[in-house]
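A.B. asks: need a 3D model of the following:
(one chain, ligands or ions: 1)
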Amino acid sequence: MLKLRLFQCAVIVLVAASSLAAQPRRKPAASRNRTIANIVREIDARNIEATIRKLVSFGTRNTLSEQNDPKRGIGAARDWLYAEFLKAAEASQGRMTVEKQSYEQQKAQRVPQPTIITNVVATLKGSQPESTDRIYVVSGHYDSMCNTPVDAKCDAPGANDDASGTAAVLEMARVMAKYEFEATIVFMAVAGEEQSLLGSTHFAEQAKQKNWNVGAMLTNDIVGNTLGGNGVRDRGTVRVFSEGVPSNETPAEATTRRSVGGENDSASRQLARFIKEIGDANVPQFKVMLVYRRDRYGRGGDHIPFLERGYPAVRFTEVNEDFRHQHQNVRVENGVQFGDLPEFVDFAYVANVARVNASSLAALALAPSRPHGVMIITARLSNDTDLRWEANKEPDLAGYEIVWRDTTSAVWTNSKAVGNVTSFTMKGMSKDNYFFGVRAIDRDGNRSPVTYPRPQGRPQPSPTPSTGF
Ligand SMILES: [Zn+2]
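C.D. replies: Residues are numbered from 1 along each chain as shown. Okay, the predicted model is just below:
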């Protein structure tokens, strides 16, 4: 009897396995194309080194430092960056514009007197009319600090924090300006990060006020040190931090999440998974390490103001930090060199971080928008999964793919092309047993990030089976 039961179980398992095998089980294909390959090849560690050394040469870039001295202080760095972005824009034939975005910050906790904050912003306009208002932002912060954020006089070289991120962004602008993308890319060097994310908050708030369609934001902050304070050398990995529960989640969304999950499926987490797929495929010697949290303990970055306003955003940071070289006065203590000096930056590593960023940005801006209005239909109790979404508007759209994974899986594991439709039923696959998502694909095979569905409709009460508890 026992034997028979085991046999029956085995048959059931086999049937279940074969019905799954009938579905196309393959890893979602990553986008590789010639434009991305060229961009990855053209990014040059020597330019990144030159930028970092130049930014360090301004002595300090503290947000409260001198704004009108041509040699020392944040004003000199601002003007130099502006000129460099203008040079980069020359290759764009008028498609890239550069501006200084300034505002006066009133007195605040880390701002003892009213201070002008200036972001240097280079915008490479998208060429497809249906996509040009879709914006992807990449940033680094060019301000720096030593022990305290309100010391405007001390030397604050900020080679890693964050000349490294700023140099990566400038190099991306230089390389990408001559290529054409369907959507718009904004390359940005912000100020006031160490004063509480002031420059990025200003940009994100402007974007919200003007109702800009920011499809993704990538911040690069502390992306140049490869020998950790723990003695570990890792030149081949970068961390990408993404939040799980959205910073702007509404009470109604929280109720849904508690009921059916989704804490691992924010738009930012879909963006992070997209970056890993694209980065690992296009920069194969270099790995993206996904970290499923908004940021490190006790730290924050320029992605946060974007998250708080509902824009998908992630943070890039090296794997092993050395805190002797962050936010420190330059000094030698007991034979140990403190300070954020260029000798502790691995320029080739920064170039690889820039390559992952640039390939991701290019893939985003070449691809259709992620699908909007994606719903999982819950109006009927069923062992199928009904999905519905709004049609994309790009003329080169080829169709959509459904992706799915086990609820315990950290990344998407399966995909199925379903054609140019706006609804699809995954027959025999219960929405209760998997997580599903939808992404758009164009005729060149460029895929959008995944959109995780919201539930639509309530199950109708029926006598059996019960929809209640
Ligand atoms: Zn920083």
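A.B. asks: show me the contacts for whichever residue of the stretch 201-350 of the chain sits closest to the ion.
C.D. replies: Closest residue of the stretch 201-350 of the chain to the ion, CB to the ion: Asp221 (4.2 Å). (Each C-beta comes from the backbone N, C-alpha and C, glycine too.) Asp221 makes contact with 140-141, 161-162, 165, 193, 301-302, 315-317 under the criterion CB atoms under 8 Å, 6 or more residues apart in numbering.
A.B. asks: among those, which lie within strands?
C.D. replies: 140-141, 315-317 (DSSP state E).
A.B. asks: kindly give a single ChimeraX line that selects the buried subset of those.
C.D. replies: To isolate the buried members of the ones in strands among the contacts of Asp221 in ChimeraX, using 16 or more other CB atoms under 10 Å:
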select :140,141,315,316,317
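A.B. asks: which one of the ones in strands among the contacts of Asp221 is nearest Leu397?
C.D. replies: Ranked by distance to Leu397 (CB to CB), the ones in strands among the contacts of Asp221 are led by Phe316 at 29.8 Å.
A.B. asks: find the nearest non-adjacent residue to that closest one, please.
C.D. replies: Asn220 (4.7 Å; CB to CB, 6 or more residues apart in numbering).
A.B. asks: count of neighbours near the one you found?
C.D. replies: 30 (other CB atoms under 10 Å).
A.B. asks: tell me the SS of the residue in the stretch 351-469 of the chain that the ion sits nearest to?
C.D. replies: Residue nearest to the ion within the stretch 351-469 of the chain: Val353 (13.9 Å; CB to the ion). Assigned with DSSP: H, G, I helix; E, B strand; the rest coil, Val353 falls in the helix class.
A.B. asks: that one and Arg315 touch, don't they?
C.D. replies: No. Applying CB atoms under 8 Å, one finds Val353 not in contact with Arg315, separated by 11.7 Å.
A.B. asks: state the distance from Ala191 to Arg61.
C.D. replies: 8 Å (CB to CB, to the nearest Å).
A.B. asks: need the overlap of contacts for those two.
C.D. replies: With CB under 8 Å, 6+ apart as the test, Ala191 and Arg61 both reach 74, 142-143.
A.B. asks: could you identify which of those residues has the most neighbours?
C.D. replies: Of these, with other CB under 10 Å as the count, Tyr142 tops at 32 neighbours.
A.B. asks: what sits against it?
C.D. replies: 55, 61, 74, 77-78, 81, 120, 162-163, 166, 189-191.
A.B. asks: swap in 6 Å and give it another go.
C.D. replies: 61, 77, 166, 189 (CB atoms under 6 Å, 6 or more residues apart in numbering).
A.B. asks: equivalent analysis for Val319, please.
C.D. replies: 234, 237, 239.
A.B. asks: over to it: give its phi and psi.
C.D. replies: Main-chain dihedrals, Val319, degrees, to the nearest 10: phi -80, psi -40.
A.B. asks: try Leu307
C.D. replies: Torsion angles, degrees, to the nearest 10, at Leu307: phi -60, psi -40.
A.B. asks: my guess is it meets Ser247, correct?
C.D. replies: Yes. Between Leu307 and Ser247 there is a contact under CB atoms under 6 Å: 4.1 Å.
A.B. asks: higher neighbour count, these two?
C.D. replies: Ranked by neighbour count (other CB under 10 Å), Leu307 and Ser247 place Leu307 first, with 24 against 18.
A.B. asks: name all residues that make contact with that one.
C.D. replies: 247, 313.
A.B. asks: use 564 as the first number from now on
C.D. replies: All set: I'll call the first residue 564, so the last point we hit is now Leu870.
A.B. asks: over to the residue nearest to Phe879: give its phi and psi.
C.D. replies: Torsion angles, degrees, to the nearest 10, at Asn783: phi -120, psi 110.
A.B. asks: give the contact list for it.
C.D. replies: Asn783 touches 703, 728, 731, 879, counting by CB under 6 Å, 6+ apart.
A.B. asks: just list whatever residues bridge to the last one.
C.D. replies: Applying DSSP bridges to Phe879 gives these bridge partners: Asn783, Val803.
A.B. asks: and the first one, by the same measure?
C.D. replies: Note on Gly703: beta-bridge partners by DSSP bridges are Ala752.
A.B. asks: can you classify Asn920 as helix, strand or coil?
C.D. replies: helix.
A.B. asks: what pLDDT does it get?
C.D. replies: Asn920 is assigned 98 on the pLDDT scale.
A.B. asks: from Asp843, how far off is it?
C.D. replies: From Asn920 to Asp843 the distance is 14 Å (CB to CB).
A.B. asks: low-scoring stretches of the stretch 914-1032 of the chain, by residue?
C.D. replies: Applying pLDDT under 70 to the stretch 914-1032 of the chain picks out residues 1021-1032.
A.B. asks: rerun that using 50 as the cut-off
C.D. replies: Counting by pLDDT under 50, the stretch 914-1032 of the chain has low-confidence residues at 1022-1032.
A.B. asks: so Glu612 touches Phe910, yeah?
C.D. replies: Yes. The pair formed by Glu612 and Phe910 meets the contact definition of CB under 6 Å, at 4.1 Å.
A.B. asks: for Ala980, give the beta-bridge partners.
C.D. replies: The partner residues for Ala980, given DSSP bridges, come to Glu964.
A.B. asks: just give me the neighbour total for it.
C.D. replies: Neighbours of Ala980 (other CB under 10 Å): 11.
A.B. asks: so it sits against Val966, correct?
C.D. replies: No. Using CB under 6 Å, Ala980 is not in contact with Val966, being 10.7 Å away.
A.B. asks: please report how far Thr678 lies from Gln691.
C.D. replies: Distance from Thr678 to Gln691, by CB to CB: 39 Å.
A.B. asks: what about the closest residue to Asp885 other than its chain neighbours, neighbour count?
C.D. replies: Nearest non-adjacent residue to Asp885, counting by CB to CB, 6+ apart: Gly792, 4.1 Å away. Close neighbours of Gly792, defined as other CB under 10 Å, add up to 13.
A.B. asks: may I ask which helix or strand encompasses Gly792?
C.D. replies: Following DSSP states H and E, there is no helix or strand that holds Gly792.
A.B. asks: touching the ion at all, stretch 885-892?
C.D. replies: No. Stretch 885-892 does not reach the ion (CB under 5 Å from the ion); its nearest approach is 7.8 Å.
A.B. asks: give me the buried positions along that stretch.
C.D. replies: Neighbour count says stretch 885-892 has 885, 888-891 buried, by 16+ other CB under 10 Å.
A.B. asks: do the same with stretch 658-671
C.D. replies: Buried residues in stretch 658-671 (16+ other CB under 10 Å): 658-659, 661, 664, 666, 668.
A.B. asks: no further questions, thank you.
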